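Asks: turn this into a structure:
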Amino acid sequence: MLKVENITCIRQDRCLFEDLSFELPQGTIMQIEGPNGAGKTSLFRILSGFTRLEQGNRFWFDTNISDDEESFFSELLYIGHKTGVNTQLNAIENIQFWQETHGYSQASNQNSLDVYEVLANLGLVGLEDIPVRMLSAGQQRRVALARLWISDAKLWMLDEPFTAVDKKGVTLLQEQFKLQLKRGGSILLTSHQDLTEHFDDLKVLSLEYRI
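Replies: Numbers count the residues shown, from 1 in each chain. Model (predicted):
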């Protein structure tokens with residue numbers, strides 16, 4: 001599904017990684033490990049197009065992403081350190097906005113759930129009318145992660161998805177990961193903690209801090 005060849009990243013005269021290559025097959029989850037400063041987020045930003053690719057290639061189903069970025073981005077769901085949530089809106093308004101802007105509806109997306117079903121899955125029932133800015137950090141994170149329930153993107157890129165999420169929430173997320181893999185999608189994630197659920201197709205890529 002995703003193939004990376006010989007990517008190099010240099011930040012402030014320091015080489016984070018050099019000639020990095022790996023493949024992420026369809027229906028596979030890969031965890032990127034490494035200490036702070038090893039380049040995990042930088043790698044994600046390069047792969048997702050937020051940072052310019054200076055060296056190397058990225059392929060999406062054997063097509064160079066640089067030649068057809070639209071096809072790749074249409075199949076990508078990226079959630080980074082920042083939640084990407086409008087804190088002035090409540091949870092329902094944020095979810096409805098994501099559904100509308102990405103064309104997800106009951107009619108067009110067989111995986112789509114009712115907004116209240118999504119909130120119930122995330123333990124946010126009773127908080128749906130409260131502006132997100134008034135929610136706890138963990139609750140705000142859950143609102144952001146609601147996109148995992150409404151998206152049918154083939155590739156999920158999740159940078160520290162378990163941040164500020166309690167144990168029950170971590171288990172819930174991993175159950176959603178399994179559904180993504182079952183329907184043929186793939187997941188690339190960073191996390192400082194090990195996955196607590198068993199994944200048959202788990203791959204691990206370790207980055208080292210380079211001086």
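Asks: burial count for the closest residue to H192 other than its chain neighbours?
Replies: The shortest distance from H192 to any non-neighbouring residue, by Cβ to Cβ, 6 or more residues apart in numbering, is to E160 (7.2 Å). For the C-beta atoms, the positions are set from N, CA and C on the backbone; glycine is no exception. By other Cβ atoms under 10 Å, 19 other residues sit near E160.
Asks: which strands and helices sit next to the worst-scoring helix or strand of the chain on mean pLDDT?
Replies: Counting by mean pLDDT, DSSP states H and E, the chain has its least confident helix or strand at helix 115-121, which shows a mean of 84. Secondary-structure packing of helix 115-121 (3 or more Cβ pairs under 8 Å, 6 or more residues apart in numbering; DSSP states H and E): helix 91-102, helix 147-150.
Asks: show me what the longest one is packed against.
Replies: Packing partners of helix 91-102 (3+ Cβ pairs under 8 Å, 6+ apart): helix 115-121, helix 137-145, helix 147-150.
Asks: picking up where we left off before, in TSV: the helices and strands packed on helix 115-121, plus distance to L47.
Replies: Converted to TSV, the helices and strands packed on helix 115-121 look like this (distance: least, Cβ to Cβ, whole Å):
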stretch	distance to L47
helix 91-102	20
helix 147-150	18
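Asks: what sits against S191?
Replies: Q31, E33, E160, P161, F162 (Cβ atoms under 8 Å, 6 or more residues apart in numbering).
Asks: select from those every entry located in helices.
Replies: Members of these lying in helices (criterion: DSSP state H): none.
Asks: please identify which pair of these lies farthest apart.
Replies: E33 and P161 (14.3 Å; Cβ to Cβ).
Asks: okay, those two: which has more neighbours?
Replies: P161 (24 against 15).
Asks: surely that one and H81 touch.
Replies: No. Checked against Cβ atoms under 8 Å, the pair P161 and H81 is beyond contact range at 10.1 Å.
Asks: deepest in the core, which of the helices and strands packed on helix 115-121 is it.
Replies: With neighbours taken as mean count of other Cβ atoms under 10 Å, the helices and strands packed on helix 115-121 reach their highest mean count in helix 147-150, at a mean of 21.
Asks: give the contact list for the closest residue in space to S206 that isn't next to it in sequence.
Replies: Among residues not flanking S206 along the chain, E33 sits closest, at 4.8 Å (Cβ to Cβ, 6+ apart). When contacts are counted by Cβ under 8 Å, 6+ apart, E33 touches K40, T190, S191, V204, L205, S206, L207.
Asks: out of those, which are inside strands?
Replies: Under the assignment DSSP state E, these contribute T190, V204, L205, S206 to strands.
Asks: what does the domain assignment say about the protein?
Replies: Domain assignment for the chain by automatic domain parsing gives 1-75+153-211, 83-152.
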